[in-house]
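Trainee: Below is the sequence, then the predicted model.
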Amino acid sequence: MKQKKTNIIKKHTIMKTYRYFATTAACIIMSLGAHAQKNIDNAIDDFVNNKNYEEYIKKEVTMEQNGVKDKSYCYSYTFELPSNKSKALNSIHSAFNKDASNAYNLAKRSSGISDATLMRVSYGRNLDKEILFGKHIDHNYDVMLFHDSNDSLYRYVYAIVWKEKVKEDKVWGIIYKIYGKDPQKVNRPATRTIITMKDNGDIVTINDNGHIITHKSGQSSSYNNNKDFSNITIHTSDDAIKTDMDFLKRFGNLRVAYYAVLDEGGSNKLTICTGIVNKILELCKSYGSLLNESEKVTCMDSIKEMQKRSKDNYLKALLNEAINELK
């Protein structure tokens, strides 16, 4: 009887031990899922909050929120460290390496290899903002994407871009912390630019897929099959440009129109593209000062892509002037 009671106690103890280990393991797994990029987060926070480097770092924040769940943010930290203080970045590089196995997508490139786009990152509540990584051959890139374990529609993006300024004996770079919807899991709202027909008053809109839709008075919308842009003018919103967001929205609309006209503009597309490019130049010249450094880099990279699509030297020159206005 005593032996039987002892066995029951042992069995009860073993079951409690199993439950303890199972609970502990579950907590560890949940912790890993919730903090898959914990090393990167901690390393960035330690760097940007260190008073020894405060004078070398500039912080920019873009935040959009509509309720508790519908939100997006982008923290960018632009730094320029004296070379003798550049060891401060070692902990960040180490953290990226430690968390790499938890990323669902990543991209790395050392300087001197290529200036081709390495990765495009969209963010914002409507995914209407974009950062291009890889466009500068003299830059180093480390970009990682992580799922949000609490919401499958959202993701985190961490990136560090840097280069050595040898002549100035400095290291320059930007660190990004981005949160928002995963573009692969949600539908983007179409971005539209309005084009007004002079002769009959019909209104044509171009969505971000390059589709041309004609809205005729008293009739349903239809696709413009003849793709003829003759005798039309580009008309964008008349809202005043007062903030960086106003600038980026106007720039995005003009960019969409530019590509759509190149793809489907017919025989008169050079005239229309010239009008669009002039508006981009005017926008950059008049309101470029509203942008922070990372936004300027994004717009300049987009303009360079536009240059590559054009075969007209005059258009390329105008676009180059727009880039110069943002430098």
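Mentor: Received the coordinates, thanks. Numbers count the residues shown, from 1 in each chain.

Trainee: how close does Lys304 get to Phe146?
Mentor: 29 Å (Cβ to Cβ, to the nearest Å). For glycine as for every other residue, the C-beta is placed from the backbone atoms N, C-alpha and C.

Trainee: which one of those two has more residues nearby?
Mentor: More neighbours surround Phe146 than the other of Lys304 and Phe146, with 20 against 16 (other Cβ atoms under 10 Å).

Trainee: And the helices in the stretch 1-150 of the chain?
Mentor: 2-34, 38-48, 90-99 (DSSP state H, counting those that start in this stretch).

Trainee: I misspoke; the intended subject was the stretch 151-300 of the chain.
Mentor: Under the criterion DSSP H, counting those that start in this stretch, helices of the stretch 151-300 of the chain are mapped to 244-264, 269-287, 293-309.

Trainee: Compare the ones you listed and give me the one nearest Asn102.
Mentor: Of all the helices of the stretch 151-300 of the chain, the one in closest proximity to Asn102, counting by Cβ to Cβ, is helix 293-309 (25.1 Å).

Trainee: Give the burial count for Lys51, as a bare number.
Mentor: Lys51 sits with 6 neighbouring residues when counted by other Cβ under 10 Å.

Trainee: what's the spacing between it and Thr298?
Mentor: For Lys51, the distance to Thr298 (Cβ to Cβ) stands at 30 Å.

Trainee: before we move on, what about Ala260?
Mentor: For Ala260, the distance to Thr298 (Cβ to Cβ) stands at 20 Å.

Trainee: Could I get the helices of the stretch 151-300 of the chain in TSV, plus columns for distance to Ser114 and mean pLDDT?
Mentor: Supplementary listing: the helices of the stretch 151-300 of the chain in TSV, determined by distance: least, Cβ to Cβ, whole Å; pLDDT from 0 to 100:
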stretch	distance to Ser114	mean pLDDT
helix 244-264	23	82
helix 269-287	26	86
helix 293-309	14	92
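
Trainee: Can I get the ones you listed in a markdown table including distance to Gly180?
Mentor: As requested, those are exported to a markdown table (distance: least, Cβ to Cβ, whole Å):
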| stretch | distance to Gly180 |
| --- | --- |
| helix 244-264 | 15 |
| helix 269-287 | 25 |
| helix 293-309 | 15 |
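
Trainee: what's next to stretch 103-112, contact-wise?
Mentor: Residues from elsewhere that reach stretch 103-112, judged by Cβ atoms under 8 Å, 6 or more residues apart in numbering: 36-37, 100, 118-119, 133-134, 137-147, 155, 163.

Trainee: re the thing from before, Ala260 and Thr298 - which one has more neighbours?
Mentor: Just comparing Ala260 and Thr298: by other Cβ under 10 Å the higher neighbour count belongs to Ala260, 25 against 21.

Trainee: Distance-wise, check the more buried one relative to Cys273.
Mentor: In this structure, Ala260 lies at 10 Å from Cys273, with Cβ to Cβ as the measure.

Trainee: Let me see the contact set for the closest residue to Lys242 other than its chain neighbours.
Mentor: In this structure, Lys242 finds its nearest non-sequential neighbour in Leu290, 7.9 Å apart by Cβ to Cβ, 6 or more residues apart in numbering. Residues near Leu290 by Cβ under 8 Å, 6+ apart: 241-244, 246-247.

Trainee: next one: Glu130
Mentor: Glu130 touches 120-123, 298, 302, counting by Cβ under 8 Å, 6+ apart.

Trainee: repeat that with 7 Å
Mentor: With contact set as Cβ atoms under 7 Å, 6 or more residues apart in numbering, Glu130 has these partners: 120-122, 298.

Trainee: before we move on, the earlier item: ranking the helices of the stretch 1-150 of the chain by mean pLDDT, which is last?
Mentor: Considering the helices of the stretch 1-150 of the chain one by one, the lowest average pLDDT is found for helix 2-34, at a mean of 43.

Trainee: In strands only, show me the contacts of stretch 103-112.
Mentor: Secondary structure assignment by DSSP state E places 119, 133, 140-147, 155, 163 of the contacts of stretch 103-112 in strands.

Trainee: Could I have the buried ones of these as PyMOL selection syntax?
Mentor: What follows is the PyMOL syntax for the buried subset of these, where burial is set by 16 or more other Cβ atoms under 10 Å:
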select buried, resi 119+133+140+141+142+143+144+145+146+147+155
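
Trainee: Dump the ones in strands among the contacts of stretch 103-112 to TSV, plus pLDDT.
Mentor: As requested, these are arranged in TSV below (pLDDT from 0 to 100):
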residue	pLDDT
Met119	89
Phe133	92
Asn140	95
Tyr141	96
Asp142	96
Val143	96
Met144	96
Leu145	96
Phe146	96
His147	94
Arg155	95
Lys163	95
